[in-house]
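**Student:** Sequence first, predicted model second:
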Amino acid sequence: MRRVSIFGATGSIGQNTIDLIARDPDAYDVVALTGARNVEQLAKDARRLNADVAVTADDTQLDHLRELLAGSGVDAAAGQAALHEAAQRPVDWFMSAIVGAAGLAPSLNALQQGATLALANKESLVCAGSLMLATAQGHNARILPVDSEHSAVFQGLVGEDMDAVERVIITASGGAFRDWPIEKLQDATLAQASSHPNWDMGQRITIDSASMFNKAMELIETKEYFGVAPSRIEVLVHPESMIHALVGFHDGALMAHVGPPDMRHAIGYALHWPERKTLPVERLDLAQIGALTFRAPDTVRWPALRLAREVMERGGLSGAVFNAAKEAALDGFIDGHLKFTAMADVVDAVLTGMDGHGGHIDDKMTLDNVAHVDHLARIAARAEIKKRAG
Ligand code: NDP
Ligand code: MG
């Protein structure tokens, strides 16, 4: 039996992971499941999968979680120390699917124990790419990408030599507002930004798809994970979300990864790697689909893409600053303090403001220093949000 833990089990990626694991219960020994606010779901899955421990990040929910798990044999725990302890329990396969920078520490813990890390939490690579890779190398651990574009690139590179790669193209659906007139974008509401045309995902990544901050994060992820120069990474708008990425080779070939917009493909690939197993995903009927379309990304509509390029050029801890400012700006939009289009202005201002003396962007990449710049960037972002709240 393979020992597995799922961090962020109650979220969209976590639930899709559980869906796959629950289909073959005899194959897996579930060690830890974690969530935050949704303790009902956490307890239900922990019972069903007979986990060793269920952890909620939210301390105030511990008593409730204990009641829900009474008599089940599953231990209940809460808070940061409990998450840390659970992430150190030995496993063969670890799903990192907490949303936000909070996912970084568990990702590192998983690598430190030498587990195979299925990485959905894109913030881990954006905030601390070189630290993640060095930790994996130092502990003989492997990182398998779960973000669909990166899983697609990873699959496109099997058996290939990186020297033969001319470019990597990640696709973007364009999110909720790809066809909106640009002048209307500033009035986009939370409800409008929270609905994705093709993918069913958590609210935060759905809004990030509408603003292209998601694709901006993925550009940085691509550079960090595959070590491809930024000038060789392209974004292509592809509204149908059938091709997830393409790898271009020096001989002119473009290898495209085509698949249904269902995260169980990328999760399942990481779960069964290096094998391919049957997965419960739709079999695409290309004759029925008829046509796939592509457009160049509009950098006026999506300034986040330009900001990601600046971060890739800048290096150091600028990814952590970018992510923290983006998370704070997203909170500002969700809470109604910031207009949709002002999120990019806030991130831009924080990146500029912290890129100098006292910004700590050139500090050594350690978990503590990442946490420190994250903290500073959130303070700076909140000040920028206040200025714009008028
Ligand atoms: P969701 O919002 O659906 O789920 C997030 C999970 O993290 C939940 O289990 C949530 O618990 C938990 N959580 C939230 N805040 C904290 C915290 N501060 N500490 C610990 N746990 C917390 O997100 P998604 O599943 O959509 O995304 C997860 C990650 O995967 C993100 O990094 C996202 O960018 C990435 N990703 C997602 C894709 C998708 O299709 N959804 C595709 C590619 C990448 P609870 O719900 O109980 O509060
Ligand atoms: Mg993606």
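**Tutor:** Nice, I can see it. Ligands and ions are numbered 1, 2, ... in the order given.
**Student:** tell me, how many neighbours does Arg314 end up with?
**Tutor:** Per other Cβ atoms under 10 Å, the neighbour tally for Arg314 reads 16. Every residue, glycine included, has its C-beta placed from N, CA and C.
**Student:** got a list of what it touches?
**Tutor:** Leu351, Asp355, Ile361 (Cβ atoms under 8 Å, 6 or more residues apart in numbering).
**Student:** from those, which single one is nearest ligand 2?
**Tutor:** Leu351 (22.2 Å; Cβ to the ion).
**Student:** Turn the buried ones among the contacts of Arg314 into a named ChimeraX selection, would you?
**Tutor:** To isolate the buried subset of the contacts of Arg314 in ChimeraX, counting by 16 or more other Cβ atoms under 10 Å, use the following:
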select :351,361
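**Student:** and the residue of the stretch 1-150 of the chain found nearest ligand 2, what does it touch?
**Tutor:** Of the residues in the stretch 1-150 of the chain, the one nearest ligand 2 is Asp147, at a distance of 4.2 Å by Cβ to the ion. When contacts are counted by Cβ under 8 Å, 6+ apart, Asp147 touches Leu119, Ala120, Lys122, Glu218, Glu221, Ala266.
**Student:** try Ala256
**Tutor:** Ala256 neighbours (Cβ under 8 Å, 6+ apart): Gly156, Ile243, Ala245, Leu246.
**Student:** how many other residues sit next to the closest residue to the third one other than its chain neighbours?
**Tutor:** Once flanking residues are discounted, Ala245 sits nearest to Ala152: 3.7 Å by Cβ to Cβ, 6 or more residues apart in numbering. The number of residues packed around Ala152, counting by other Cβ under 10 Å, is 28.
**Student:** Same check on His272?
**Tutor:** 14.
**Student:** again with Ala229
**Tutor:** Ala229: 10 neighbours (other Cβ under 10 Å).
**Student:** Phi, psi for the residue nearest to it when sequence neighbours are not counted please.
**Tutor:** Leaving aside its sequence neighbours, Ala229 sits nearest to Lys223 (Cβ to Cβ, 6+ apart; 7.6 Å). Per-residue torsions, Lys223: phi -60, psi -50 (degrees, to the nearest 10).
**Student:** give me every residue that touches Lys223.
**Tutor:** Gly129, Ala229, Pro230, Ile233, Met312.
**Student:** Kindly recompute the last result at 7 Å.
**Tutor:** Residues near Lys223 by Cβ atoms under 7 Å, 6 or more residues apart in numbering: Pro230, Ile233, Met312.
**Student:** Number of residues surrounding the residue in the stretch 151-300 of the chain positioned nearest to ligand 1?
**Tutor:** Closest contact between the stretch 151-300 of the chain and ligand 1, by Cβ to the nearest ligand atom, is at Gly202 (2.7 Å). Residues within reach of Gly202, counting by other Cβ under 10 Å, total 16.
**Student:** Next: Ala9.
**Tutor:** With other Cβ under 10 Å as criterion, Ala9 counts 29.
**Student:** my guess is it is in a helix, correct?
**Tutor:** No. Per DSSP: H, G, I helix; E, B strand; the rest coil, Ala9 lies outside any helix segment and is coil.
**Student:** Secondary structure element for the residue of the stretch 151-300 of the chain found nearest ligand 2, which one?
**Tutor:** Across the stretch 151-300 of the chain, the shortest distance to ligand 2 (Cβ to the ion) belongs to Glu218, at 5.5 Å. Using DSSP states H and E, Glu218 sits in helix 213-226.
**Student:** Any residue of that helix touching ligand 1?
**Tutor:** No. Contact of helix 213-226 with ligand 1 is not found when judged by Cβ under 6 Å from any ligand atom; the minimum separation is 7.0 Å.
**Student:** buried ones in that helix?
**Tutor:** 213-226.
**Student:** moving C-terminal of that helix, what's the next helix or strand?
**Tutor:** Taking DSSP H and E, what comes next after helix 213-226 is strand 233-237.
**Student:** That following strand - contacts with which helices or strands?
**Tutor:** The contact analysis (3 or more Cβ pairs under 7 Å, 6 or more residues apart in numbering; DSSP states H and E) places strand 233-237 against strand 165-172, helix 213-226.
**Student:** Make CSV from the ones you listed and add distance to Asp251 and mean pLDDT to it.
**Tutor:** Formatted as CSV, the helices and strands packed on strand 233-237 follow (distance: least, Cβ to Cβ, whole Å; pLDDT from 0 to 100):
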stretch, distance to Asp251, mean pLDDT
strand 165-172, 9, 98
helix 213-226, 19, 98
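**Student:** For Val4, which of these is the nearest?
**Tutor:** Checking the helices and strands packed on strand 233-237 against Val4 by Cβ to Cβ gives helix 213-226 as the closest, at 21.8 Å.
**Student:** Now the closest residue to ligand 1 within the chain. Its backbone dihedrals?
**Tutor:** Here the chain gets closest to ligand 1 at one residue, Gly11, 1.9 Å apart by Cβ to the nearest ligand atom. According to degrees, to the nearest 10, the main-chain angles of Gly11 amount to phi -90, psi -170.
**Student:** if I read this right, it contacts Ala97, doesn't it?
**Tutor:** Yes. Look at Gly11 against Ala97 with Cβ atoms under 7 Å: they come within range, at 5.8 Å.
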